[in-house]
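>>> Need coordinates for the below:
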Amino acid sequence: MTTIGFIGLGVMGAPMAANLVKAGYEVTGYNRSPAKVEAFRAAGGRGAASVAEAVDGAEVVITILPDSPDVEQVVLGEDGVLAHLATGAVLIDMSTIRPDVARDVAAAGSARGIRVLDAPVSGGEQGAIDATLSIMVGGADDAFRAAKPVLDAMGSTVVHVGPAGAGQTVKASNQLIVAGVLELVSEALVFLDAHGVDRQRAVEVLAGGLAGNAILDRKAAGMLERRFDPGFRVDLHHKDLGIVTAAAREAGVAIPLGAHVAGLMASLRAQGHGSLDHSALLLQVEQLSGRAGADDT
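This next block holds a predicted model:
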């Protein structure tokens with residue numbers, strides 16, 4: 001049975017690690033918050049008090065952390081994952097980070113005889129709970145083949161998209177599309193409301209046509225009810241759009257609509273809404289339109 005060290009038991013990581021336990025893997029989890037480690041123990045996993053303890057004896061280590069500096073510290077740090085992971089093991093970083101950092105981590109792992117994959121995910125908290133995540137994987141073929149059964153226990157769409165960093169590049173594209181669609185759905189809802197149309201019925205018919213999309217399916221109901229409990233926080237999407245705009249700049253690619261939405265997301269965050277779900281872009285459109293409820297949270 002494959003032994004797994006799992007670092008990062010947050011909103012996404014906790015259910016992902018729990019699904020690995022359900023799949024029969026021996027999983028040792030670590031998080032900076034001891035309470036989350038205890039909750040993972042209650043879900044059938046093993047708890048660790050440090051990165052070194054979580055990594056000890058693991059054949060596979062999974063990290064899912066908030067940002068690039070966190071991955072650099074936890075993985076590349078003096079007392080980090082690579083300092084303790086055995087030669088021949090596989091490290092799967094499922095965080096959403098800069099593609100260049102993913103490539104640096106892969107190179108550092110290779111120098112130590114450790115196979116590294118960047119494997120960010122899409123599907124939100126519910127996808128993590130249901131093990132239906134879309135997982136985009138960058139790295140060597142042999143590492144992907146070795147890790148595929150583990151990844152299959154957490155996602156329903158697992159695709160090897162290219163060499164190191166490619167997974168993060170695809171994830172950046174994912175976040176660009178999601179932000180753009182969220183903004184357009186928000187604009188449509190405000191537009192419909194301004195014309196006195198029943199928005200719930202409008203969403204029903206829009207979702208069945210060419211305008212249909214996952215945002216209408218999964219987010220519109222909460223937006224109509226003005227429920228912005230975070231499935232994916234504005235803070236995190238703001239960070240991801242920073243990755244997108246930086247990577248586009250480095251490649252010399254124009255993303256005019258993406259850059260505009262990134263600015264709107266940044267403005268929403270600056271107004272103190274960073275802890276809300278990213279569907280709260282609706283609030284930004286309402287405010288720009290001078291519509292009632294623009295200041296509600």
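
>>> Point out where this protein drops to low pLDDT.
Within the chain, the ranges that satisfy pLDDT under 70 run 1, 292-297.

>>> quick one, strands of it?
With DSSP state E as the criterion, the chain has strands at 3-7, 26-30, 46-47, 60-63, 90-93, 115-118, 121-122, 133-138, 155-162.

>>> Out of those, which is closest to D277?
Among the strands of the chain, strand 121-122 comes nearest to D277, with 15.2 Å by C-beta to C-beta. Just so you know, the C-beta spots here come from the backbone N, C-alpha and C atoms, and that holds for glycine as well.

>>> strands paired with that closest one, and their directions?
According to DSSP bridges, strand 121-122 forms sheet pairs with strand 133-138 (antiparallel).

>>> now the strand it pairs with against strand 155-162, angle please.
Comparing the axes of strand 133-138 and strand 155-162 via axes from the mean of the first three to the mean of the last three C-alpha atoms, to 10 degrees yields an angle of 20 degrees.

>>> Looking at the chain, which helix is longest?
Counting residues, the longest helix found in the chain (DSSP state H) is helix 166-194.

>>> hang on, the earlier thing: show me the one of the strands of the chain that comes nearest L268.
It is, among the strands of the chain and with distance given as C-beta to C-beta, strand 121-122, at 20.8 Å.

>>> Need the contact partners of the closest one.
12, 16, 64, 94, 127-128, 133-136, 154-155, 171, 174, 178 (C-beta atoms under 8 Å, 6 or more residues apart in numbering).

>>> residue ranges of the helices in the stretch 1-150 of the chain, please?
13-22, 34-42, 51-55, 68-76, 81-84, 99-111, 124-130, 141-152 (DSSP state H, counting those that start in this stretch).

>>> Only the buried members of the contacts of strand 121-122: can you turn that into a PyMOL selection?
Here is the PyMOL command that picks out the buried ones among the contacts of strand 121-122, judged by 16 or more other C-beta atoms under 10 Å:
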select buried, resi 12+16+64+94+127+128+133+134+135+136+154+155+171+174+178
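
>>> which of the contacts of strand 121-122 lies closest to E78?
Minimum distance to E78 across the contacts of strand 121-122 is 21.6 Å, recorded for I64 (C-beta to C-beta).

>>> So the closest one is in contact with S95, correct?
Yes. Between I64 and S95 there is a contact under C-beta atoms under 8 Å: 5.4 Å.

>>> Which positions within the longest helix of the chain qualify as buried?
Across helix 166-194, burial judged by 16+ other C-beta under 10 Å covers 166-172, 174-176, 178-190, 192-193.

>>> before we move on, what about stretch 91-109?
Within stretch 91-109, the residues that count as buried by 16+ other C-beta under 10 Å are 91-99, 101-106, 108-109.

>>> do the same with stretch 43-58
By neighbour count on 16+ other C-beta under 10 Å, the buried set for stretch 43-58 is A43, G45, R46, G47, A48, V51, A52, A54, V55, A58.

>>> Number of residues surrounding A259?
A259: 15 surrounding residues under other C-beta atoms under 10 Å.

>>> In contact with the closest residue to it other than its chain neighbours: list those residues for me.
Once flanking residues are discounted, A259 sits nearest to T245: 5.9 Å by C-beta to C-beta, 6 or more residues apart in numbering. Residues near T245 by C-beta under 8 Å, 6+ apart: I255, G258, A259, A262.

>>> 7 Å - rerun?
Contact analysis of T245 by C-beta atoms under 7 Å, 6 or more residues apart in numbering lists I255, A259, A262.

>>> Kindly report the same for I62.
Contacts of I62 were listed using C-beta under 7 Å, 6+ apart, and they are I4, F6, I92, M94.
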